[in-house]
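[1] Would you be able to build a 3D model of this:
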Amino acid sequence: MKPRSIDIPDLRGQTWLITGATSGVGLETARSASASGARVILAVRDTARGREVAAGLPGPARVVELDLASLASVRRAADELTAGGGEPIDVLVNNAGTITPRRRETVDGFEMLLGVNALGPFLLTALLLPLVRRRVVIVASDAHKAGTLDLDDPHFRGRHRRWTAPSAYAQSKLADMLWGLALDQRLRDGRAGAGPAGVDVQLTHPGWAATGISNASGNAVVDRVVTGVCSVLAQPASQAALTTMFAATRPLPPCSYTGPDAMRNLRGTPTLIGRSAEASDPSNADRFWEFARSETGSP
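    Presented below is the predicted three-dimensional model:
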């Protein structure tokens with residue numbers, strides 16, 4: 001069955017900030033939001049590519065340098081965006097993510113996937129939250145269902161915990177689910193230091209998208225096989241981005257989790273989907289929140 005498209009409302013007068021908007025799902029999200037009338041802020045590591053993307057968008061766009069593997073870069077980006085009181089942001093889309101074939105660390109000593117996929121976005125959101133007027137969207141993944149959050153060894157430094165790309169990626173996406181849950185609860189009870197009232201959090205899973213993040217094994221043969229399989233079974237990035245657009249624009253219950261409706265949520269039309277019990281546990285969310293605040297020096 002061919003996936004249906006979705007109706008995207010008129011976004012004129014809105015400003016959207018999208019991280020990782022130079023390729024894949026982030027790029028398609030930026031194109032869709034811009035085509036619907038939004039002014040788009042592209043928060044990206046490669047600013048030259050960001051300017052190319054901005055020039056190709058139908059509406060106004062701004063490029064801000066952001067490397068989520070560096071807390072200093074996150075703070076510089078936030079300082080730039082909040083200077084002079086800052087420009088209101090209607091929707092903040094935490095889209096950027098990474099996967100690596102071998103264990104690496106960020107400049108701050110975090111395991112790379114946890115740092116880029118969760119801790120960097122956590123700090124960015126905390127610093128920009130006073131500017132947000134409507135919604136924070138966190139692009140998570142159904143990979144969270146295989147994740148284990150080990151706060152005794154979150155960076156896979158100990159001997160008892162072997163690093164693998166799937167386990168590290170699953171942990172980072174479980175972390176996204178948990179800090180999103182914790183943030184939403186704090187927004188609703190006034191503990192998050194938010195600006196205007198009425199801001200909520202939405203979590204989304206793009207499904208199996210045919211993007212570069214799939215080709216990260218470090219083995220050229222394996223990557224060619226994955227690319228071939230993706231070309232047949234995965235949905236294009238433009239279709240995967242509809243889950244983000246759905247999460248960003250629909251009137252949804254607070255902290256809903258959306259994703260494709262077919263092939264075990266790997267492809268299809270955006271809808272509400274289920275999450276793991278661990279990702280639904282407020283005590284887990286609180287534990288990760290306090291850990292992330294300590295690691296990042298977040299307000």
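[2] The lengthiest strand in the chain packs against which elements?
    Determined from DSSP state E, the single longest strand within the chain is strand 132-139. When contacts are defined as 3 or more Cβ pairs under 8 Å, 6 or more residues apart in numbering; DSSP states H and E, strand 132-139 packs onto strand 89-94, helix 165-189, strand 200-204, helix 237-249. Any C-beta I mention is one placed from the backbone N, CA and C, and that applies to glycine too.
[3] For these, give me JSON lines that also has mean pLDDT, distance to residue 57 and mean neighbour count.
    Formatted as JSON lines, the helices and strands packed on strand 132-139 follow (pLDDT from 0 to 100; distance: least, Cβ to Cβ, whole Å; neighbours: other Cβ atoms under 10 Å):
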{"stretch": "strand 89-94", "mean pLDDT": "98", "distance to residue 57": "15", "mean neighbour count": "27"}
{"stretch": "helix 165-189", "mean pLDDT": "96", "distance to residue 57": "26", "mean neighbour count": "23"}
{"stretch": "strand 200-204", "mean pLDDT": "97", "distance to residue 57": "22", "mean neighbour count": "25"}
{"stretch": "helix 237-249", "mean pLDDT": "95", "distance to residue 57": "14", "mean neighbour count": "25"}
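[4] Take the ones you listed and write them to CSV, including distance to residue 260.
    Converted to CSV, the helices and strands packed on strand 132-139 look like this (distance: least, Cβ to Cβ, whole Å):
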stretch, distance to residue 260
strand 89-94, 18
helix 165-189, 16
strand 200-204, 10
helix 237-249, 6
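[5] So which of the ones you listed is nearest residue 101?
    Residue 101 sits nearest to helix 165-189 of all the helices and strands packed on strand 132-139, at 6.1 Å, using Cβ to Cβ.
[6] Distance from the closest one to the middle of the chain?
    10 Å (Cα atoms, centre = their mean, to the nearest Å).
[7] tilt between that helix and strand 132-139?
    On the basis of axes from the mean of the first three to the mean of the last three Cα atoms, to 10 degrees, helix 165-189 is oriented at 160 degrees to strand 132-139.
[8] packing partners for helix 165-189?
    helix 112-114, helix 120-128, strand 132-139, strand 200-204, helix 282-296.
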